[in-house]
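K.L.:
sequence unknown, structure follows:
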């Protein structure tokens, strides 16, 4: 895997031509596997003999993974994404109360309000002509989900820029061991300060609720689980939606015919979100799952204890599942029966915030293009700097002109 990230689609196509499961080498020469075919990934994500807990990661347990390994946090953070069975159900049930359909719907007004404020600021920054290039990622796609998840968690505004910067370092795959360890230390320190503040002054937020939460059997989050859960919520709650909005704007600007379909009511903004999730998944390769026994997936044996990446960007363009035109951005594919993408996961670990992410992206895109129907990307696709990560899939900046 290229630690510098880059656009994954050409490499994914080459891998898919050879099979649905690929042996890969992670930074530090750690041997791993990636499941990249749609059907194989769907089977793997919900397989009873596949675990998320790092006790099943053979090389880690044998002491072969050094501190500062850029992907170590994904394996060792204590929270839902590294828990199995009863532990996973306990952690998920404590957090899921914040993401019920009713609670998410109650956030709609706030999402619309924040979106309107950001659009006003964009217009001001774009100048009277609207020809001044503005970084849409920094000024719109980032502050919307970051603001909403921090509000939901009760994280004060003063921490938001720092948390975004540290989140970026944690998902980076080209980071040095020293920087990786420092980023982990720093984000734990910030989140510990947030937890201490909410312990002292509880509010109506999710962090206060998690601190107070006790299940009927007296169970609650340990200190490490609380920080791990906040870490996961901050990263998953903004990095993914940020990439989703950014990738959707890029796709619509490159495919003006598809944008016209939505503007003429022949496709919906919801179609745009689903097609972006499939065609240019915000997460490219998500670490890790481990087979608890030697497991054969689509004819390939994945040995017990191997770290496995879920190849969402590859599965989204798998022609065996999505047809020969899988690499085409096409909103009309949602008019009839269609294979659903897996970009929000599948099985017990399906994305808890999926309805919030979909709502944020739908509102953001609809309001953005209604306000600025001629918005366009100011540079060519090749000039956009890519994420330095094979986990996240997007660009670092998105300069646009509004008119």
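P.N.:
Arrived safely, thanks for sending. All values reported here derive from a predicted model rather than from experimental measurement.

K.L.:
ranges for the helices of the stretch 151-300 of the chain?
P.N.:
160-171, 177-200, 206-212, 223-254, 256-263, 269-279 (DSSP state H, counting those that start in this stretch).

K.L.:
again but with the stretch 301-403 of the chain, I slipped
P.N.:
Along the stretch 301-403 of the chain, counting by DSSP H, counting those that start in this stretch, helices occupy 312-316, 319-322, 354-371.

K.L.:
next one: the stretch 1-150 of the chain
P.N.:
9-18, 38-45, 58-61, 72-76, 85-96, 101-106, 108-125, 136, 143-153.

K.L.:
Could you give the separation of the second one from the chain centroid?
P.N.:
Going by CA atoms, centre = their mean, to the nearest Å, the spacing between the C-alpha centre of helix 38-45 and its chain's C-alpha centre is 18 Å.

K.L.:
Could you do the last one as well?
P.N.:
Here helix 143-153 is found 15 Å from its chain centre; the criterion is CA atoms, centre = their mean.

K.L.:
Next, the buried residues of that helix.
P.N.:
Within helix 143-153, the residues scored as buried using 16 or more other CB atoms under 10 Å are 143-153. Bear in mind the C-beta positions are built from the backbone N, C-alpha and C, glycine included.

K.L.:
For residue 47, give me its contacts.
P.N.:
Neighbour list for residue 47: 291, 295 [criterion: CB atoms under 8 Å, 6 or more residues apart in numbering].

K.L.:
ah, wrong one, I meant residue 151
P.N.:
Taking CB under 8 Å, 6+ apart, one finds 110, 205 in contact with residue 151.

K.L.:
ok, it to residue 141 distance?
P.N.:
Distance of residue 151 to residue 141, given as CB to CB, to the nearest Å: 17 Å.

K.L.:
cool, residue 343 as well?
P.N.:
Distance from residue 343 to residue 141, by CB to CB: 17 Å.

K.L.:
Have a look at the two and say which one is more surrounded.
P.N.:
Neighbours per residue, other CB atoms under 10 Å: of residue 343 and residue 141, the larger number sits with residue 141, 29 against 26.

K.L.:
my read: that one touches residue 242, true?
P.N.:
Yes - between residue 141 and residue 242 there is a contact at 5.1 Å, judged by CB atoms under 8 Å.

K.L.:
count of neighbours near residue 92?
P.N.:
What residue 92 shows, counting by other CB under 10 Å, is a neighbour count of 17.

K.L.:
Use 809 as the first number from now on
P.N.:
Yep, numbering from 809; the last one is residue 900 now.

K.L.:
how much space between it and residue 947?
P.N.:
34 Å.

K.L.:
which stretches of the stretch 909-1058 of the chain have low pLDDT?
P.N.:
1022-1027 (pLDDT under 70).

K.L.:
Tabulate the helices of the stretch 959-1108 of the chain (CSV), appending mean neighbour count and distance to residue 825.
P.N.:
Listed next are the helices of the stretch 959-1108 of the chain as CSV, based on neighbours: other CB atoms under 10 Å; distance: least, CB to CB, whole Å:
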stretch, mean neighbour count, distance to residue 825
helix 968-979, 19, 28
helix 985-1008, 16, 33
helix 1014-1020, 19, 44
helix 1031-1062, 23, 24
helix 1064-1071, 16, 27
helix 1077-1087, 23, 18
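
K.L.:
closest to residue 1122 out of the ones you listed?
P.N.:
helix 1077-1087 (11.5 Å; CB to CB).

K.L.:
For that closest one, name the packing helices and strands.
P.N.:
Identification of packing neighbours for helix 1077-1087 by 3 or more CB pairs under 8 Å, 6 or more residues apart in numbering; DSSP states H and E yields helix 1031-1062, helix 1064-1071, helix 1120-1124, helix 1162-1179.

K.L.:
who does the third one touch, helix- and strand-wise?
P.N.:
For helix 1120-1124, the packing partners by 3+ CB pairs under 8 Å, 6+ apart come out as helix 817-826, helix 846-853, helix 1077-1087, strand 1093-1099.

K.L.:
now it, how far from the chain's geometric center?
P.N.:
Centroid separation for helix 1120-1124 versus its chain: 13 Å, with CA atoms, centre = their mean.

K.L.:
Ok, stretch 1029-1049 next?
P.N.:
12 Å.

K.L.:
Relative to residue 1135, how far out is the residue most central in space within the chain?
P.N.:
Taking CA atoms, centre = their mean as the criterion, residue 1048 is the residue nearest the geometric centre of the chain, at 2.9 Å. Distance, residue 1048 to residue 1135, by CB to CB: 22 Å.

K.L.:
So residue 1162 is in contact with residue 1152, correct?
P.N.:
Yes - contact criterion CB under 8 Å: residue 1162 and residue 1152 qualify, at 4.5 Å.

K.L.:
re earlier: want to try JSON lines for the helices of the stretch 959-1108 of the chain, with distance to residue 889 as columns?
P.N.:
Converted to JSON lines, the helices of the stretch 959-1108 of the chain look like this (distance: least, CB to CB, whole Å):
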{"stretch": "helix 968-979", "distance to residue 889": "13"}
{"stretch": "helix 985-1008", "distance to residue 889": "15"}
{"stretch": "helix 1014-1020", "distance to residue 889": "16"}
{"stretch": "helix 1031-1062", "distance to residue 889": "6"}
{"stretch": "helix 1064-1071", "distance to residue 889": "33"}
{"stretch": "helix 1077-1087", "distance to residue 889": "19"}
